[in-house]
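K.L.:
quick check, what structure comes out for this input:
(chains A and B, ligands or ions: 1)
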Amino acid sequence: MEYRVKPPGKTKHMLIIAMFTSMAMVTGFIESRFPLPFPGMRLGIANIFPLTALILYGPAEAISVAGLRLALSFFLSGNIVALSCSAGGIIVSLPLSIALYEYFADVLSVPAISVASAFAFNAGQLGAIALLLGSWGVLAYLPPLLLCAAATGYAIGSLASMLARKLSSGKQT
Amino acid sequence: MTGKKYDWLLYSILAASFALSCALVFATRPKDGGLTFEAVRGGTVIERRRAAELTDGVALDLSSGAMTNIVASDPTGIRMVLANCPGGDCLRARPMKNAGDMIVCIPHKLIMRIVSSSVGAIDVMSY
Ligand SMILES: [Zn+2]
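P.N.:
The predicted model follows:
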């Protein structure tokens, strides 16, 4: 909890959440261009923003950013497959990051928490695809996706932790 | 930014779950020998034949009702050539050539893959 700051005024707080959400949407759009084995699947780079919101403000803000991003991206793209994938990933990964960060931040570093969350995110996405297809055959892709998750999760965790440090030191509230 | 006291424990748990997923994929790999083309719709196998039978120019109609899905083979591999699913993601998927390759059409609940006795964790990683 070393970088957690008290939320500034209500308007400013809403503005910050809106900014985090829009940055997550842009990142999500960019990463939707990366080819992954399944349509609709993401690397999860956009998760950096809910994670930073969690470090700086808390679970409510992290859920707001992730939920708003999910809903707004769906309204813009109308892509139900991508929505189901991302939702499947976030439903398992966000509660895990929140639980790990809120209860174990003293003994676990942010990159480690982020790697665990990325594992859950990819497993959740693949689970959603398996449900959509009505077949567990796609789970053969779990090992390579978990390897990807280890790399992206660590990078996201390191970036979020840096971002949180910068944002918390630059603001006196 | 340094690690913390119990990072190793979390990383060990994650490494163990990765190993477990590899073991599961390896243990459940099909053992039919040679390359086999397989199409599954909604969990039911609707087409299974030796991949060698799908040579250049041969098309296979996997359509069902209003859902059109036609696959064909060319020198780059087996790919979807005609589909009326929204988005048409399957039409842009990479052609399948080796064991472990897969093309899915999510709106039509269709999975096509190439399997072999050598499909294991290591082969799947080379996609
Ligand atoms: Zn399709």
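
K.L.:
contact residues of chain B facing chain A?
P.N.:
B:1-7, B:10-11, B:13-14, B:17-18, B:21-22, B:24-25, B:29, B:40, B:42-43, B:87, B:89-90, B:93-94, B:100, B:102, B:104, B:106-107, B:109-111, B:113, B:119, B:121, B:124-125, B:127 (Cβ under 8 Å from any Cβ of the partner chain). C-beta coordinates here come from the backbone N, C-alpha and C atoms, glycine included.

K.L.:
redo that, cut-off 6 Å
P.N.:
For chain B, the residues in contact with chain A (Cβ under 6 Å from any Cβ of the partner chain) are B:1, B:3-7, B:10, B:14, B:18, B:21-22, B:25, B:40, B:42-43, B:89, B:104, B:106, B:109, B:111, B:121, B:124-125.

K.L.:
what segments of the chain are helices?
P.N.:
Just going to use chain A. For chain A, the helices defined by DSSP state H occupy A:10-31, A:48-56, A:59-77, A:80-104, A:110-133, A:142-169.

K.L.:
if you could check chain B rather than the one you did, that'd help
P.N.:
Using DSSP H, the helices of chain B run over B:7-27, B:121-124.

K.L.:
any idea which of these gets closest to A:Tyr141?
P.N.:
Among these, the nearest to A:Tyr141 by Cβ to Cβ is helix B:121-124 (6.8 Å).

K.L.:
deepest in the core, which of the helices of chain A is it.
P.N.:
helix A:48-56 (a mean of 26; mean count of other Cβ atoms under 10 Å in any protein chain shown).

K.L.:
the ion is nearest to which of the helices of chain A?
P.N.:
Taking Cβ to the ion, helix A:80-104 is the member of the helices of chain A nearest to the ion, at 9.8 Å.

K.L.:
off-centre distance for the closest one?
P.N.:
7 Å (Cα atoms, centre = their mean, to the nearest Å).

K.L.:
so does that helix get close to the ion?
P.N.:
No. Helix A:80-104 is not in contact with the ion by Cβ under 5 Å from the ion; minimum separation 9.8 Å.

K.L.:
who touches that helix?
P.N.:
Outside of helix A:80-104, the residues within contact range by Cβ atoms under 6 Å, 6 or more residues apart in numbering or on different chains are A:39-41, A:54, A:59, A:66, A:70, A:74, A:108, A:113, A:117, A:120-121, A:124-125, A:127-128, A:132, B:106.

K.L.:
against the ion, how distant is the closest residue to chain A within chain B?
P.N.:
Per Cβ to the nearest Cβ, B:Asp89 is where chain B lies closest to chain A, at 3.4 Å. Counting by Cβ to the ion, to the nearest Å, the separation of B:Asp89 from the ion is 6 Å.

K.L.:
please tell me I have it right and that residue contacts A:Pro39.
P.N.:
Yes. B:Asp89 is within contact range of A:Pro39, at 3.4 Å (criterion: Cβ atoms under 6 Å).

K.L.:
more neighbours, the two?
P.N.:
A:Pro39 (24 against 21; other Cβ atoms under 10 Å in any protein chain shown).

K.L.:
show me what contacts the closest residue to the ion within chain A?
P.N.:
Nearest residue of chain A to the ion, counting by Cβ to the ion: A:Pro39, 8.1 Å away. Contact partners of A:Pro39, counting by Cβ under 6 Å, 6+ apart, are A:81, B:89.

K.L.:
from B:Arg50, how far out is it?
P.N.:
To B:Arg50, A:Pro39 is 28 Å away according to Cβ to Cβ, to the nearest Å.

K.L.:
give me phi/psi at the residue of chain A found nearest chain B?
P.N.:
The minimum distance from chain A to chain B, using Cβ to the nearest Cβ, falls at A:Pro39 (3.4 Å). When read as degrees, to the nearest 10, the backbone of A:Pro39 gives phi -60, psi 140.

K.L.:
low pLDDT regions in chain A?
P.N.:
Segments of chain A classed as low confidence (criterion: pLDDT under 70) are A:170-173.

K.L.:
which residue packs closest to the residue nearest to the spatial centre of it, ignoring adjacent ones?
P.N.:
By Cα atoms, centre = their mean, the mean C-alpha position of chain A lies nearest to A:Asn47, the distance being 2.3 Å. Counting by Cβ to Cβ, 6 or more residues apart in numbering or on different chains, A:Asn47 lies nearest to A:Ile156, which is 6.0 Å off, once chain neighbours are set aside.

K.L.:
so, low pLDDT: which residues of chain B?
P.N.:
Those would be B:1, B:29-33, B:117-127, if you go by pLDDT under 70 across chain B.
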